[in-house]
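*Asks:* build me a structure from this.
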Amino acid sequence: MRVLIVEDDAESRELLGHALKHFGYEIATASDGVEALEMLRSGDYRLVISDWEMPGINGVDLCRAIRERSGAGYTYFILLTARSGQHNLIDSLNAGADEFLSKPFDPYELEGRLRVAERILALESREVVIFSLAKLAEARDPDTGAHLERIREYCRVLAWQLCKSAKFRGEIDGDF
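*Replies:* Numbers count the residues shown, from 1 in each chain. Have a look, this model is predicted:
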């Protein structure tokens with residue numbers, strides 16, 4: 001998975017990049033929020049790690065700008081900063097950040113957070129593929145598309161009823 005690192009300090013950027021490469025990630029770097037937004041327009045990055053304090057567009061404003069974009073898939077945003085404190089955590093989460101990590105960072109904690117991000121992004125990808133296939137069927141034949149929508153709803157209702165029964169309670173759950 002490709003990760004975009006947004007960090008104005010060259011040494012911090014290199015340190016973070018080295019850690020991510022060690023964990024098997026492909027990286028790209030931007031030295032500020034303006035450069036990052038331009039790179040994000042390509043659609044190649046779904047995972048961003050950004051510093052808070054940067055000239056021009058800071059990390060929180062970058063996060064807000066990413067959340068305001070429409071059309072692109074979800075971008076998982078990790079704010080990695082020297083700032084600490086509850087109010088900074090709240091500000092970053094209100095801006096739309098998915099994670100808030102303080103510097104100096106523990107590389108293995110960061111790796112764990114990145115693996116969580118991968119799982120979340122993979123869920124979205126699966127849903128998009130399933131939805132796209134259903135819409136393709138609907139585009140070719142509106143009756144078939146409506147049929148698929150009805151069958152989906154019937155299956156949801158049946159599964160919900162079955163999960164309430166003692167016989168299927170251990171097998172059928174929300175993931176099923």
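
*Asks:* wait, what's in contact with the closest residue to residue 63 other than its chain neighbours?
*Replies:* Leaving out its chain neighbours, the residue that sits closest to residue 63 by CB to CB, 6 or more residues apart in numbering is residue 95, at 4.6 Å. Where C-beta positions appear, they are placed from N, C-alpha and C, glycine not excepted. Residues in contact with residue 95, defined by CB atoms under 8 Å, 6 or more residues apart in numbering, are 60-61, 63-64, 67.

*Asks:* just those residues: which are in helices?
*Replies:* If you go by DSSP state H, the contacts of residue 95 have 60-61, 63-64, 67 in helices.

*Asks:* so where's the chain uncertain?
*Replies:* 70-72, 125-145, 173-176 (pLDDT under 70).

*Asks:* where along it do the helices fall?
*Replies:* Using DSSP H, helices in the chain cover 10-22, 33-40, 59-68, 86-95, 107-140, 142-164.

*Asks:* contact partners for the residue most central in space within the chain?
*Replies:* Ranked by distance to the mean C-alpha position of the chain (CA atoms, centre = their mean), the top residue is residue 76 at 2.7 Å. Contact partners of residue 76, counting by CB under 8 Å, 6+ apart, are 46-48, 98, 117, 120-121.
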